[in-house]
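# let's see this in three dimensions:
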Amino acid sequence: MPNPLPTDPDPEPARDSRSAGTRRPPRRATTPHAAIGATLRAVFGFESLRPGQVGVVKRVLRGESTLAVMPTGAGKSLCYQLPAVLDGRRTLVISPLIALMDDQCAALVSRGIPAVVLHSGLPASALQQAEEAVRSGRAGMVFTSPERAAEPGFAAFVAEAGRIGLMVVDEAHCLNRWGASFRPAYLELGPLRRALGQPPVLALTATASADAAADICGQLGIPADGVQRWGVYRPNLHFRVEPMDTAAAKRDRALALVAGTEGTGIVYTSTVREAEAIHGLLVGAGQAAGLYHGRLAARERTSAQEAFMAGALRVMVATPAFGLGIDKPDIRFVLHLQLPPGLDAYYQEAGRAGRDGQDATCTLLYLRADRGVQQFFMAGRYPERDAVEAVDGALRRLDAAGGAASVAAVAAEAQLPQARVHAILGMLRLERLASRRRDGTWRAGRQAMDGRALDRVLRGCEARSRQDRAELEAMVFYAQSGICRWRALLCHFEPDAQHEACGHCDTCERLARLEAQPSALQAADAGTEILVGRLTPGTAVRVKRYGAGEVLSDDGSSVTIRFAGGAERCFHPDFVRPARGRAAARAPAAASP
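Residues are numbered from 1 along each chain as shown. Predicted coordinates for the structure are as follows:
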């Protein structure tokens, strides 16, 4: 069965077939720039690095810890593979996707680079051979999963043949997005680096807001000046939002969009129930659609993924569980049927379209009620005081009784789900209130958890919860805003830069149509000038969830409103309604021109 993923998750620079091969670079005294070029041609078959790659590669060669925020297609994997070959440093690569690790490792081996993978999906014999290669030092590059890297004794095992010269965390946004709530093993990556003797670390991701970048850097010990950004703007992606009144209307529109759009695509939902519902409707309408979500058996998920990658399925209906590391270059549309939790997640998912550089459409069908789905997920994402105290108490009781305090045992004693207990144990470990033995069992910290220590744990949870709420609000504002979609995204990821309107999102196209077509509203009636927009400055209006405000301007494409307290926001005209009665009376006075 062929591998479902390509060799590399990020398309690299165009390959020169005359220089491709597996030869090792010549060992001669050259300038660093010449050495980089020689290795690039001899081993990887590329003629030059891309601008974003150059800075990151040089930082890695200097041994400087780095967070590289590079868009899809920028060639992130070469940023650690090239330095590893150049100076022979032993490199540990931590990636959340087994299939992706397998393919990257196979590609390196085919180029003559000694690399191995370590994960639970390997047959026993293959795993034994890989472990022996690590122990003996023959494996210069080791790929593994966060869960394997978090196992007790892993740091000592992987460093047995010598110091690790570079630790790589691929898809580093997982540290911020999943660390505490979805894959607790990510909480162990900071301690792992310390156990390895603080080697330089390279964290790689396609997107990270300022807050997300600060969180990633804090967990991995990357200095603030170690963040390297290469712009996220991709002119071939056309963003649009369509307001929906009902769930039924939204599903009907989704069917119409899929049927009316050529090429392959992904339909994302936030819930398994909605994924199964829209998948059934698409199949019933004659679409070759697959289904992918976390409740399916691994075999079913793999089969659906392989069929989609091979082109046997035109559409994949999926929850966010699908797509990490997927590099199908010809995806022509990504349709979000439910509101994502934030702009970081939205851009990660929408950005899977158009990786071949050709035009692709990214559409969000926005129903206000979908905000409640994300609020429901948030409500159970971080532990309450009672849960933290229950886990700490259960651990101490098991410790005192001399029992094996495995995660399962602590969960049974605390009467909480294992995944939740694992996350709480990780938080307690960060505060030195718990530690893990070599055999994987846990023990209580030497000092009992007092009120101050508990408060520190809970403050950390509350800080993340506030960040999640802020990200959701930014997502809602994007959906309701009347400003250029790309400008909204770029202001989120690159707040210090100036951004022009893209000219090709739904908002920009709407404004262009208004400017190009003569309007009756522009005509003078009995010598009275009438504005282009529907609402004149000073009009009292109301926006759901934001309340009453007063119009500052309306260009027909977006309405700028000032709310009580002085806050000013732009909205798509469809979300603005005239205020009546007491709401109109409460509207703030607009500043006079």
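
# the helices in the stretch 351-500 of the chain, which residues?
Using DSSP state H, counting those that start in this stretch, the helices found in the stretch 351-500 of the chain span residues 371-379, 385-401, 407-414, 418-430, 451-480, 485-493.

# list the buried residues of the longest one.
Residues of helix 451-480 classed as buried: 453-454, 457-458, 461, 464, 467-468, 471-472, 474-480 (neighbour count, 16 or more other Cβ atoms under 10 Å). C-beta coordinates here come from the backbone N, C-alpha and C atoms, glycine included.

# switch the helices of the stretch 351-500 of the chain over to JSON lines; also include mean pLDDT.
Output for the helices of the stretch 351-500 of the chain, formatted as JSON lines (pLDDT from 0 to 100):
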{"stretch": "helix 371-379", "mean pLDDT": "90"}
{"stretch": "helix 385-401", "mean pLDDT": "91"}
{"stretch": "helix 407-414", "mean pLDDT": "92"}
{"stretch": "helix 418-430", "mean pLDDT": "84"}
{"stretch": "helix 451-480", "mean pLDDT": "89"}
{"stretch": "helix 485-493", "mean pLDDT": "91"}
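
# redo those helices as JSON lines? Include distance to residue 291.
Putting these into JSON lines (distance: least, Cβ to Cβ, whole Å) gives the following:
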{"stretch": "helix 371-379", "distance to residue 291": "19"}
{"stretch": "helix 385-401", "distance to residue 291": "33"}
{"stretch": "helix 407-414", "distance to residue 291": "30"}
{"stretch": "helix 418-430", "distance to residue 291": "23"}
{"stretch": "helix 451-480", "distance to residue 291": "25"}
{"stretch": "helix 485-493", "distance to residue 291": "28"}
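
# and of these, who's closest to residue 96?
With Cβ to Cβ as the measure, helix 418-430 is the member of the helices of the stretch 351-500 of the chain nearest residue 96 (15.6 Å).

# what sits up against that closest one?
Helix 418-430 is contacted from outside by 180-181, 184, 187-188, 191, 383, 387-388, 391-392, 395, 407-408, 410-411, 414, 416, 434-436, 442, 445, 449, 457, 460-461, using Cβ atoms under 8 Å, 6 or more residues apart in numbering.

# ChimeraX command for the buried members of those residues?
Typed into ChimeraX, the line below selects the buried ones among the contacts of helix 418-430, using 16+ other Cβ under 10 Å:
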select :180,181,184,187,188,191,383,387,388,391,392,395,407,410,411,414,416,434,436,442,445,449,457,461
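
# would you mark the buried spots in stretch 193-207?
Residues 193, 196, 199, 200, 201, 202, 203, 204, 205, 206, 207 are the ones in stretch 193-207 that count as buried (16+ other Cβ under 10 Å).

# pick out the most distant pair among those.
That would be 196 and 207, which, of those, are the farthest apart (Cβ to Cβ) at 27.0 Å.

# gap between stretch 135-153 and the chain center?
Centre-to-centre, stretch 135-153 and its host chain are 24 Å apart (Cα atoms, centre = their mean, to the nearest Å).

# low pLDDT regions in the stretch 101-250 of the chain?
Using pLDDT under 70 as the threshold, the predicted model of the stretch 101-250 of the chain has low-confidence ranges 177-184.

# ranges for the strands of it?
Along the stretch 101-250 of the chain, the stretches classed as strands by DSSP state E, counting those that start in this stretch are 115-118, 141-144, 166-169, 201-205, 227-229, 237-243.

# ok, now how distant is the residue nearest to residue 417 when sequence neighbours are not counted from residue 424?
Once its chain neighbours are removed from consideration, residue 417 has its nearest residue in residue 411; the separation is 6.6 Å (Cβ to Cβ, 6 or more residues apart in numbering). When distance is defined by Cβ to Cβ, to the nearest Å, residue 411 is 10 Å away from residue 424.

# can you name the residues that contact residue 161?
With contacts defined as Cβ under 8 Å, 6+ apart, residue 161 is in contact with 90, 134, 135, 136, 137.

# swap in 7 Å and give it another go.
Contact criterion Cβ atoms under 7 Å, 6 or more residues apart in numbering gives 134, 135, 136, 137 as the residues in contact with residue 161.

# out of these, who's nearest residue 114?
Taking Cβ to Cβ as the measure, residue 114 lies nearest residue 137 of the contacts of residue 161, at 9.5 Å.

# gap between the closest residue to the closest one other than its chain neighbours and residue 384?
Distances taken as Cβ to Cβ, 6+ apart put residue 161 closest to residue 137, at 3.3 Å, once the chain neighbours are dropped. According to Cβ to Cβ, residue 161 stands 45 Å off from residue 384.

# likewise residue 151?
For residue 151, the distance to residue 384 under the criterion Cβ to Cβ works out to 29 Å.

# have a look at these two and say which one is more surrounded.
Legend: neighbour count by other Cβ atoms under 10 Å for residue 151 and residue 384, higher for residue 151 (18 against 11).

# how about the more buried one, phi and psi?
Its backbone dihedrals place residue 151 at phi -70, psi 140, with angles given as degrees, to the nearest 10.

# what about the nearest residue to it once chain neighbours are set aside, how many residues nearby?
Nearest residue to residue 151, sequence neighbours excluded (Cβ to Cβ, 6+ apart): residue 440, at 6.7 Å. Counted with other Cβ under 10 Å, the burial measure for residue 440 works out to 14 neighbours.

# quick check: closest non-adjacent residue to residue 114.
Excluding its sequence neighbours, the residue lying closest to residue 114 (Cβ to Cβ, 6+ apart) is residue 140, at 4.8 Å.

# could you do residue 503 as well?
Among residues not flanking residue 503 along the chain, residue 512 sits closest, at 7.5 Å (Cβ to Cβ, 6+ apart).

# quick one: what helix or strand has that neighbour in it?
Assigning secondary structure by DSSP states H and E places residue 512 in helix 506-516.

# next secondary structure element downstream of that helix?
Once helix 506-516 ends, the next helix or strand along the chain (criterion: DSSP H and E) is strand 540-543.

# show me which residues of the next helix or strand after that following strand are buried.
On the C-terminal side of strand 540-543, the nearest following helix or strand under DSSP H and E is strand 547-554. The neighbour-count criterion (16+ other Cβ under 10 Å) identifies 548, 549, 550, 551, 552, 554 as the buried residues of strand 547-554.

# make a markdown table from these and add distance to residue 579 and pLDDT to it.
As requested, those are arranged in a markdown table below (distance: Cβ to Cβ, whole Å; pLDDT from 0 to 100):
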| residue | distance to residue 579 | pLDDT |
| --- | --- | --- |
| 548 | 5 | 87 |
| 549 | 8 | 88 |
| 550 | 9 | 88 |
| 551 | 10 | 87 |
| 552 | 15 | 82 |
| 554 | 14 | 77 |
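
# mind checking how far residue 358 is from residue 313?
When distance is defined by Cβ to Cβ, residue 358 is 20 Å away from residue 313.
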